[in-house]
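> I would like the atomic coordinates for the input below:
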Amino acid sequence: MSDDTFTSVWDAITDTTAEAENMRLRSELMMALERYIKKQGRTQAESARQLGVTQPRVSDLMRGKIQLFSLDTLVGMVAAVGLRVEMHVAA
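The predicted model follows:
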């Protein structure tokens with residue numbers, strides 16, 4: 001067992017800080033979309049139509065299949081449901 005300490009779970013499972021940050025951002029967008037879909041109380045098929053994707057794609061989102069989604073795709077999905085992405089870059 002290793003005694004390595006990581007800033008986040010993403011740092012622990014990725015090779016670079018850039019990959020970790022990309023994973024963190026995708027995770028946040030996916031969780032926001034999941035909360036939105038659950039709050040709306042729509043079926044996956046109804047949500048898929050609103051998002052402009054297929055029902056299996058919504059299923060992948062709801063099951064947290066992060067490796068199947070790019071940042072660009074998730075930003076598009078967020079915009080499709082009328083949510084906004086705000087960005088803050090810190091040093």
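
> how far away is I66 from G82?
23 Å (C-beta to C-beta, to the nearest Å). Glycine gets a C-beta too; all of them are placed from N, C-alpha and C.

> Tell me which of these two has more neighbours.
The neighbour comparison of I66 against G82 (other C-beta atoms under 10 Å) goes to I66, with 16 against 8.

> excluding its backbone neighbours, what's nearest that one?
Excluding the flanking residues, the one nearest I66 by C-beta to C-beta, 6 or more residues apart in numbering is R26, at 5.5 Å.

> mind listing what's buried in whichever strand or helix holds the one you found?
Element membership of R26 [criterion: DSSP states H and E] is helix 17-40. Buried residues in helix 17-40, counting neighbours by 16 or more other C-beta atoms under 10 Å, are found at A20, N22, M23, L25, R26, S27, L29, M30, A32, L33, Y36, I37.

> ok, back up a step: pretty sure the residue nearest to I66 is in contact with L68, am I right?
No: R26 is beyond contact range of L68, at 9.9 Å (criterion: C-beta atoms under 8 Å).

> what about the closest residue to T54 other than its chain neighbours, which helix or strand?
Excluding the flanking residues, the one nearest T54 by C-beta to C-beta, 6+ apart is A48, at 5.7 Å. A48 is part of helix 44-51 when elements are defined by DSSP H and E.

> And L83, by the same measure?
Going by DSSP H and E, L83 is not in any helix or strand.

> and it, what are its phi and psi?
With angles defined as degrees, to the nearest 10, L83 sits at phi -90, psi 160.

> List the residues that contact it.
L83 sits next to A32, L33, Y36 when contact means C-beta atoms under 8 Å, 6 or more residues apart in numbering.

> which residue is nearest the centroid of the protein?
M30 (2.5 Å; C-alpha atoms, centre = their mean).

> pretty sure N22 is touching D72, no?
No: N22 lies out of contact with D72 (C-beta under 8 Å); the separation is 11.0 Å.

> Off-centre distance for stretch 19-38?
3 Å (C-alpha atoms, centre = their mean, to the nearest Å).

> For that stretch, C-alpha coordinates in PDB please.
Only the C-alpha atoms of stretch 19-38 are listed here, as PDB (Å, rounded to 0.1, in the frame of the first residue of the first chain):
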ATOM      1  CA  GLU A  19      -6.500  15.200 -16.800                       C
ATOM      2  CA  ALA A  20      -7.600  15.600 -13.200                       C
ATOM      3  CA  GLU A  21      -9.100  19.000 -13.800                       C
ATOM      4  CA  ASN A  22     -10.900  17.800 -16.900                       C
ATOM      5  CA  MET A  23     -12.400  14.900 -15.000                       C
ATOM      6  CA  ARG A  24     -13.400  17.200 -12.200                       C
ATOM      7  CA  LEU A  25     -15.200  19.600 -14.600                       C
ATOM      8  CA  ARG A  26     -16.900  16.800 -16.400                       C
ATOM      9  CA  SER A  27     -18.100  15.300 -13.100                       C
ATOM     10  CA  GLU A  28     -19.600  18.600 -12.000                       C
ATOM     11  CA  LEU A  29     -21.400  19.000 -15.200                       C
ATOM     12  CA  MET A  30     -22.700  15.500 -15.100                       C
ATOM     13  CA  MET A  31     -24.000  15.900 -11.500                       C
ATOM     14  CA  ALA A  32     -25.700  19.200 -12.500                       C
ATOM     15  CA  LEU A  33     -27.500  17.500 -15.400                       C
ATOM     16  CA  GLU A  34     -28.400  14.500 -13.200                       C
ATOM     17  CA  ARG A  35     -29.900  16.800 -10.600                       C
ATOM     18  CA  TYR A  36     -31.800  18.700 -13.300                       C
ATOM     19  CA  ILE A  37     -33.300  15.600 -14.800                       C
ATOM     20  CA  LYS A  38     -34.400  14.200 -11.500                       C
END
